[in-house]
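Trainee: Sharing a sequence plus its predicted fold:
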Amino acid sequence: MNSPIPPTPVPAPPAARPPASYRALGWLLAVPALLGTLITLVLPTVQTIVLSLHSGGVLQESRFVGLDNYGKVLGGEEFWRALGFTLSLTAGPLLVAVVVGPLLALALDRGGPLVRRAGLVVLSLAIVTFSPVGVAAAWLRGMLPDGPAIATLAEGLRDPATAPGTLRIIVVAATFGVVCALALTAFLPALRGGTAGPATVVVAVLVALATVAVGAQAFSIGMALTRGGPERATQTLAGHQYDYAFRMAQFGPGAAVAALTGVLLGGLGVVAVVVAAATRLRVTVLPRPASAARSGGAFPARPKTPGVAAGVVALVLVVAVGLVCAWPWISGVLAGGDGAGGLRAHANTWIPAVAGALVSVGVAYLAALGIGGLRPLGARSEWLLLLFAPWLFVGTGPLGVADWQNMRNLRLVDTFFALFPPLLVSVPALLVLTLLCKGLAERNDRDFFGGVLLPSLPMAGVLAGAVTLVNAQDVLWPLLVAQTPELFTVPVAQMGLLGGHHDAAPDVGASTPLVVVAVALAAVVAAQLLYLDRLAISVNGSRPARTTP
């Protein structure tokens with residue numbers, strides 16, 4: 001809640017430069033992330049560029065052809081059509097993220113703690129149940145005689161003239177809930193950071209960049225719904241790369257598409273890091289109300305009735321729209337369907353997902369403690385993130401050709417080990433954790449262990465959980481490295497049951513089993529109420545001006 005008089009941002013006192021031994025430890029903690037980035041990001045990027053300059057691949061001998069592959073790709077209509085369609089898919093989620101997200105956050109914040117926390121709890125369900133392939137399978141049920149009425153919109157996917165527009169609508173509907181939930185989590189801390197206006201603008205820029213970057217790598221929903229058809233009317237950049245490299249076995253053009261996609265993503269990542277560093281963005285954890293009262297802080301004012309009413313109305317509207325958009329998935333889960341693998345498929349899905357998240361986020365956390373907490377370059381330390389910036393938004397897709405070739409050379413394709421995500425460091429987690437450790441370090445009121453490490457540890461756990469969910473729902477990487485049914489993950493098995501035919505009815509909820517949803521929901525709700533609801537984002541060195549009840 002807000003205090004009766006808008007607080008004036010209080011500049012943070014300049015943080016004391018840590019001793020030389022601390023700065024040395026900061027560099028040391030960043031070494032694993034630097035090595036992980038070199039091995040799993042930089043080298044595959046170089047390999048992708050080298051592959052793009054050669055012809056051949058698996059079926060033919062490789063030979064150097066220079067820029068011929070780029071001429072082939074850029075000179076063809078298919079690339080530009082795929083690029084335009086891919087970017088158009090981001091328009092709807094982008095509007096939801098940067099318009100609905102901040103408005104909802106403002107309404108819930110004005111509504112007081114009860115309304116705000118109710119919104120966080122309700123929308124958390126959208127995060128833990130989101131499955132791209134499951135959503136696609138649910139919408140395809142609209143082509144069946146007993147499909148839900150709203151899902152009959154999917155009939156438009158049959159016609160090349162209507163398929164692009166239909167897929168855009170489905171993507172907006174399928175992602176509405178999860179985009180609202182993630183945007184709310186990002187924008188609420190900006191409202192209590194002491195610089196609500198500037199911080200909200202900066203967060204909006206970062207959210208917009210992330211939304212475009214994620215959309216530029218879209219693969220799962222489109223591949224499951226249309227396979228890029230009919231007549232390639234719905235082909236995305238990721239699908240175009242997949243067709244070249246793995247359907248036609250032409251690594252050169254496929255790597256060229258991957259490299260061009262990487263240039264786009266790298267530019268977005270560099271811009272995001274520059275914005276965060278130039279605005280001196282920082283994240284911190286507010287004390288609990290009881291702690292603030294003991295230290296002399298003011299109690300927040302009781303929310304006014306109009307604010308509560310506005311918050312309730314906004315929440316009801318968003319939930320109502322979310323339920324309508326999610327109805328195909330809800331009805332699909334209730335209807336059941338053909339099973340998508342058993343215990344083995346779930347083990348293939350969740351063991352690599354959890355292990356990959358623990359490694360990638362753990363390495364990122366060590367670097368964040370070094371860069372953000374121990375500040376090896378003093379006030380300019382966050383500029384070290386530029387070393388990682390080109391890969392901030394890069395997923396497995398743009399590096400898939402090189403990573404697959406590496407797995408093949410190591411003879412690991414079609415083994416359980418190949419299912420583990422190939423990234424050793426999560427750069428998004430590194431950015432968030434560095435900004436948090438920076439904010440905690442600049443409070444300058446406690447030692448490093450109690451003032452930085454312990455308060456930031458829950459965020460590392462939250463991000464590990466988030467990366468686990470993303471890993472588990474990924475389709476592209478396990479689709480590339482596992483061809484035998486015994487190694488299929490649940491999403492891959494679901495896509496296999498679809499088989500490119502719209503009369504299939506796989507189990508829509510197979511990739512979000514009840515046990516996983518229950519455990520994840522409990523963890524997400526606890527994190528939202530006990531930790532994330534106390535985060536504050538500020539810019540230009542200002543300090544948080546109030547506590548959150």
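Mentor: Good, I have the coordinates.
Trainee: show me where this structure has strands.
Mentor: For the chain, applying DSSP state E gives strands covering 10-11, 54-55, 63-64, 282-285, 535-538, 542-543.
Trainee: Helices along the stretch 251-400 of the chain, start to end?
Mentor: 251-278, 289-294, 305-335, 343-368, 400-409 (DSSP state H, counting those that start in this stretch).
Trainee: got those helices as CSV, with distance to Pro485 and mean pLDDT columns?
Mentor: All C-beta atoms are positioned from the backbone trio N, CA, C, and that covers glycine. Listed next are these as CSV, based on distance: least, Cβ to Cβ, whole Å; pLDDT from 0 to 100:
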stretch, distance to Pro485, mean pLDDT
helix 251-278, 25, 97
helix 289-294, 54, 52
helix 305-335, 23, 90
helix 343-368, 9, 96
helix 400-409, 19, 95
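Trainee: I'd like those as JSON lines, with distance to Pro422 and mean neighbour count appended.
Mentor: Listed next are the helices of the stretch 251-400 of the chain as JSON lines, based on distance: least, Cβ to Cβ, whole Å; neighbours: other Cβ atoms under 10 Å:
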{"stretch": "helix 251-278", "distance to Pro422": "14", "mean neighbour count": "22"}
{"stretch": "helix 289-294", "distance to Pro422": "43", "mean neighbour count": "13"}
{"stretch": "helix 305-335", "distance to Pro422": "30", "mean neighbour count": "17"}
{"stretch": "helix 343-368", "distance to Pro422": "9", "mean neighbour count": "21"}
{"stretch": "helix 400-409", "distance to Pro422": "5", "mean neighbour count": "20"}
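Trainee: And the ones you listed: which comes nearest Leu144?
Mentor: Proximity of the helices of the stretch 251-400 of the chain to Leu144 was assessed by Cβ to Cβ; the nearest stretch is helix 305-335, lying at 9.6 Å.
Trainee: Can you spell out which helices and strands pack onto that closest one?
Mentor: Helix 305-335 is packed against helix 101-110, helix 113-128, helix 132-140, helix 163-190, with contacts defined by 3 or more Cβ pairs under 8 Å, 6 or more residues apart in numbering; DSSP states H and E.
Trainee: any idea how far stretch 35-44 is from the chain center?
Mentor: 20 Å (Cα atoms, centre = their mean, to the nearest Å).
Trainee: can you check stretch 376-389 too?
Mentor: For stretch 376-389, the distance to the chain centre is 22 Å (Cα atoms, centre = their mean).
Trainee: Mind listing residues that contact it?
Mentor: Residues from elsewhere that reach stretch 376-389 (Cβ atoms under 8 Å, 6 or more residues apart in numbering): 14-15, 17, 23-24, 26-27, 30, 33-34, 37, 266, 269-270, 272-274, 276-277, 370-372, 375, 425, 427, 430-431, 434-435, 438.
Trainee: Show me the shaky parts of this structure.
Mentor: Applying pLDDT under 70 to the chain picks out residues 1-21, 57-59, 145-149, 289-304, 337-341, 444-445, 499-505, 541-549.
Trainee: Next up, phi/psi of Ala510, please.
Mentor: Dihedral pair for Ala510: phi -60, psi -40, per degrees, to the nearest 10.
Trainee: how many neighbours does it have?
Mentor: 27 (other Cβ atoms under 10 Å).
Trainee: check contacts around the closest residue to Ser124 other than its chain neighbours.
Mentor: Closest residue in space to Ser124, ignoring its immediate chain neighbours: Val524 at 4.4 Å, by Cβ to Cβ, 6 or more residues apart in numbering. Applying Cβ under 8 Å, 6+ apart, one finds that Val524 lies in contact with Ser124, Ile127, Val128, Gly465.
Trainee: hang on, the earlier thing: out of the strands of the chain, nearest to Leu476?
Mentor: strand 54-55 (22.5 Å).
Trainee: Gly356 contacts Ala464, correct?
Mentor: No - at 9.9 Å, Gly356 and Ala464 do not qualify as touching, with contact defined as Cβ atoms under 8 Å.
Trainee: closest to Gly400 out of the strands of the chain?
Mentor: strand 54-55 (16.7 Å).
Trainee: Packing partners of the closest one?
Mentor: Right, strand 54-55 is packed against strand 63-64, helix 68-74, helix 251-278 by 3+ Cβ pairs under 8 Å, 6+ apart.
Trainee: Quick check: which of the ones you listed is nearest to Cys325?
Mentor: helix 251-278 (26.7 Å).
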